[in-house]
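Visitor: Below is the sequence, then the predicted model.
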Amino acid sequence: MFDDTALALLILIPLAVTVFSIFGFVGWLRTRKLRERSGLLERELRQVRERLAMLEQGQPPRRSEQQAAPERPAPLSEPESSPQAKPWATAEPQAERTPAPAFTEKSRVPNVAATATPADKVIGSADAPPGPAVPESSGRGSIEDKLGGNWTVWIGGLALVLGGVFLVRYSIEAGLLPPVVRVLMGGAFALLLIGLGEIMRRRMPEEPATKTHAYIPGILTLAGVTSAFASAYAAHALYGLIGPAAAFVLMGAVALLTLAASLLHGPIIASVGLVASYGMPFLVSSDTPAMTPLVPYVLFVTLASYALANLRLWRWLAIAAAAATVFWAHILSAMAGPADTLLLALYDLGALGLAAWFLVATLYPRGAERDDQKPDWIVSAILAAHALPVLYLLQIDFFSTVSVATLFITLAALLVLACEWPAVGAAAIAAAVLGALAHLTFEVPLGPASFAPDMAADPVIASALLNPETQTYLHFGLAIAALLAIAGFVGTRRSAARWALAAAGTAGPLAVFGVAYLRTDTAGLEVMFGITALAMGAGFAAATARFETWLPRQAATRDLAVAAYAIATIAALVSGMAILLEEGWLVVGLALITTGIAWVETRKELPVLRWLAVAVAALCGYVILREPTIAGDALGTTPVFNWLLYGYSVPTLAFAGTAWLLARRGKDWPQAIFEALATGFALATPAMLIHHAMNGGDMQASVDTLAESSLLTLLGLAGAIALQMLNERSESKVFEFASQLIGVISFAMIAQVDLFILNPWLTGEDIGTGLLFNVLLPGYLLPALLLGYLYRQSLQVERHPFYILAAGLLAVVLVFAWATLEVRAFFHRPRLDLGAIGDSELYTYSLVWLLLGIALLVAGITTRSRALRAASGAVVALTVGKAFLIDMSNLTGIWRALSFIGLGVVLIGIGALYQRLLRQADSPSRKNGALEDEA
């Protein structure tokens with residue numbers, strides 16, 4: 001068996017042989033390349049000497065030499081200094097720089113495009129070379145290049161690190177050296193590697209770091225700083241040679257020096273330094289962790305990272321540093337107590353200040369009116385992420401002076417950044433969100449343990465949400481709303497990012513107002529809240545009018561800003577009305593607001609207003625759907641003149657006026673929606689009044705009588721006719737579709753409800769004592785007349801054949817049903833279901849049907865309608881069938897004789913009439929006879 005020493009030697013010796021063999025192979029390759037280059041130089045030198053000798057003798061060079069002169073190697077001139085290495089003082093003044101996205105060459109140094117090489121322009125790329133600019137590698141490289149120039153370097157660096165680790169392990173296991181010496185040897189080994197890396201960097205400046213050739217000085221430096229960091233950590237964690245404070249300082253210094261070394265050795269070193277810098281505090285253990293050293297340390301690391309990112313134009317490094325800073329904000333907030341509020345406030349403000357300076361102020365030219373900068377959503381998100389941890393501070397400090405002051409400084413900073421640097425205008429929206437959340441969480445005990453599935457059911461949180469200290473709470477919200485409103489107004493006036501500032505200046509105060517209303521016990525304060533909302537609406541309306549005048553038409557995002565204030569105006573007015581008015585008046589107010597919006601839109605062409613009117617109408621519809629009776633229990637039983645009349649008729653007129661106003665600029669979806677709403681409310685108004693009156697004010701009752709159903713049927717048929725007339729004048733697709741839809745619904749109600757389900761002969765409904773003026777008149781005869789008119793109207797406008805057929809057929813059926821039921825009513829009123837059918841009644845049916853057939857025939861001849869003549873034939877045929885099938889067996893005596901005599905006379909008369917008409921049709925002078933339909 002081998003002991004540990006022999007085993008270590010067996011592992012290290014083959015590894016060393018392998019590594020040195022690879023190094024030897026690499027050296028052979030480099031020697032071969034140098035030999036080839038020296039041979040080329042010797043041949044060129046010999047050719048130059050021959051040409052010089054010929055020129056001295058007066059002989060011109062041979063033609064072949066002139067045509068095929070060898071290329072001379074380009075002289076190795078001193079490379080230009082890297083653009084990244086220019087000091088801040090040599091850069092052009094900030095006001096003269098061309099705006100560009102963050103962390104690009106143009107945003108840092110104006111003439112980088114002329115001096116930087118392609119490799120320098122790959123921001124954040126691991127292939128970017130340190131120091132001077134170098135040409136980009138051409139091609140992917142051969143296997144030989146990859147093996148000799150890339151893989152061997154990485155394996156060699158790994159071998160150096162493992163060698164140091166194994167050496168330390170061997171010294172520990174063998175007990176050869178005390179801990180102090182081991183740590184010192186690790187540090188010396190680290191310094192040796194770092195020194196070798198620096199020496200190689202200075203001696204081989206012409207060696208490029210390409211895709212196939214790793215940067216050897218950087219690999220050595222990386223191995224060195226890793227060893228140094230491990231030695232410092234071992235001194236604290238393994239051997240206890242130094243305490244937490246000394247370890248913190250030592251390891252922090254190594255991490256920061258690693259960041260500094262990345263200036264010379266590239267982004268890989270920077271990434272290691274970043275991870276080490278931000279992760280180092282987790283490696284230092286202490287029984288009493290304190291925030292005092294952590295806050296300045298993290299801020300200093302952030303400062304160094306941002307400075308390095310700006311200097312080398314490494315956007316990835318800036319984003320990574322920002323993410324780490326926000327991560328530490330959460331960690332420090334979890335660690336902090338009430339005594340640490342000042343330190344935490346300094347950290348929050350310092351982190352936001354560093355992000356604002358390095359990610360905004362040093363990269364973008366300041367200019368509120370500059371509209372040539374595209375929005376930088378990443379930087380805006382970073383600023384928002386730095387601002388939101390202030391919510392932790394508010395909870396820790398219990399909304400005392402330090403935390404509240406930090407909140408308002410943060411809000412002001414975000415708003416100023418959004419105004420003065422339009423590229424990060426979205427930061428204003430983050431300010432509005434932060435203000436609303438701060439107001440929502442005021443004096444609410446929220447902590448890590450609060451965010452549980454049953455958080456909403458927590459009685460402590462529920463009590464805090466509903467019972468804040470009213471005066472302080474309202475003053476706190478008023479201050480936030482005022483700051484947002486003023487900053488939004490000023491920013492909209494002067495900044496190119498007015499879209500975001502307008503959104504923050506309107507949505508922020510509205511959100512704070514809504515939170516205050518929901519959280520405050522409003523007993524006795526409804527009037528105050530309502531007046532406040534109306535005052536906000538008036539202020540937003542005035543701002544909308546001013547911006548329409550102040551802002552030029554070509555101003556950036558002008559329409560969005562004006563639209564934001566217009567929307568806020570409507571939202572504030574609606575909120576005030578909802579608070580001050582009862583449900584009935586609220587419906588009326590919302591409907592009238594849509595007309596006001598349409599009136600404004602006719603004078604200020606803002607397309608968003610049209611959809612805003614639709615949104616308000618939708619809110620009005622929601623209120624009605626929630627309480628269809630408008631006034632609830634206060635509706636009463638008074639027919640017609642009650643809240644149903646006002647609650648439905650006013651929206652009808654308002655929506656109709658809105659549709660008319662919107663149509664002045666053109667017909668589109670919002671205009672069509674209001675036409676549909678006006679149509680629906682116009683039909684709903686009498687329908688609701690009918691239901692209310694027919695049921696004694698009970699709106700929950702069902703439609704179970706022919707009297708009510710017939711009135712609704714008449715309403716539907718009249719609506720279909722009226723809408724078709726409107727369509728002929730306005731050519732509205734809405735009216736055309738609605739007329740047909742309402743007609744079909746009316747047809748279905750007649751065919752199912754009126755003729756069968758609510759037929760008084762079947763239900764026993766009291767039809768009244770009048771012979772003609774009873775329920776049968778509106779139930780059957782009047783709908784038949786309207787159906788006849790609808791039939792004629794549909795023929796003129798060329799409705800679908802089935803629609804026309806249904807209208808005509810139902811008209812005839814209703815007339816027949818009315819005549820039949822009237823005969824029954826003559827013998828058995830007011831209830832048709834009581835009493836048997838006698839001979840006289842049975843004979844009367846035949847007589848009435850014959851008269852009806854004759855009337856239809858005359859009407860068909862007069863109007864030249866084949867459909868009416870066909871209906872006449874159907875009625876007469878039905879009468880004939882009844883006479884032979886029913887009357888012959890049931891009638892007796894004089895009634896049977898009269899029935900058949902009358903039938904025979906009528907049939908002969910009808911035949912004679914048709915013969916006369918046919919003779920007239922065959923006459924040459926009657927080319928268009930009476931039997932021809934006009935339609």
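Guide: Sure thing, it's come through.

Visitor: contacts, neighbours, all on C-alpha from now
Guide: OK.

Visitor: Go through whichever strand or helix holds Ile854 and flag the buried ones.
Guide: Here Ile854, judged by DSSP states H and E, is contained in helix 839-863. For helix 839-863, the buried set under the neighbour-count rule, 16 or more other Cα atoms under 10 Å, comprises 839, 841-854, 856-858, 860-861, 863.

Visitor: what does stretch 675-693 give?
Guide: Buried positions in stretch 675-693, judged by neighbour count with 16+ other Cα under 10 Å: 675-679, 681-693.

Visitor: And for it, what's in contact with it?
Guide: 637-640, 644-645, 648-649, 651-656, 659, 697-699, 703, 708, 711-712, 715-716, 719, 734-735, 738 (Cα atoms under 8 Å, 6 or more residues apart in numbering).

Visitor: okay but Ala738 is in contact with Leu723, surely?
Guide: Yes: if you go by Cα atoms under 8 Å, Ala738 and Leu723 touch, sitting 7.2 Å apart.

Visitor: so how many other residues sit close to Thr637?
Guide: The local packing of Thr637 (other Cα atoms under 10 Å) involves 15 other residues.

Visitor: And the closest residue to it other than its chain neighbours, how far from Leu407?
Guide: With Cα to Cα, 6 or more residues apart in numbering as the measure, Gly697 is the residue that lies nearest to Thr637, at 4.4 Å, once sequence neighbours are left out. Using Cα to Cα, to the nearest Å, one gets 57 Å for the distance from Gly697 to Leu407.

Visitor: In terms of neighbours, single out the busier of these two.
Guide: Neighbour count, other Cα under 10 Å: between Gly697 and Leu407, Leu407 has more, with 28 against 18.

Visitor: Now that one. Nearest residue, chain neighbours left out?
Guide: Across the structure, with Cα to Cα, 6+ apart as the measure, the residue nearest Leu407 apart from its sequence neighbours is Val390 (6.3 Å).

Visitor: Count the residues that sit near the one you found.
Guide: Val390 is flanked by 25 other residues according to other Cα under 10 Å.

Visitor: unless I'm mixing things up, it is touching Ala351, no?
Guide: No: between Val390 and Ala351 no contact is recorded; they are 11.3 Å apart, counting by Cα under 8 Å.

Visitor: Where does Phe327 sit: helix, strand or coil?
Guide: Under the three-state scheme (DSSP: H, G, I helix; E, B strand; the rest coil), the conformation of Phe327 reads as helix.

Visitor: buried sites along the helix or strand where Val404 lies?
Guide: Secondary structure assignment for Val404, by DSSP H and E: helix 401-420. Neighbour-count burial for helix 401-420 flags 402-404, 406-408, 410-420 (criterion: 16+ other Cα under 10 Å).

Visitor: Tell me the secondary structure at Thr638.
Guide: Assignment for Thr638 (three-state DSSP): coil.

Visitor: quick one, phi/psi of it?
Guide: Backbone geometry at Thr638, expressed as degrees, to the nearest 10, gives phi -60, psi 120.

Visitor: ok, now how distant is it from Gly743?
Guide: Thr638 sits at a distance of 31 Å from Gly743 (criterion: Cα to Cα).
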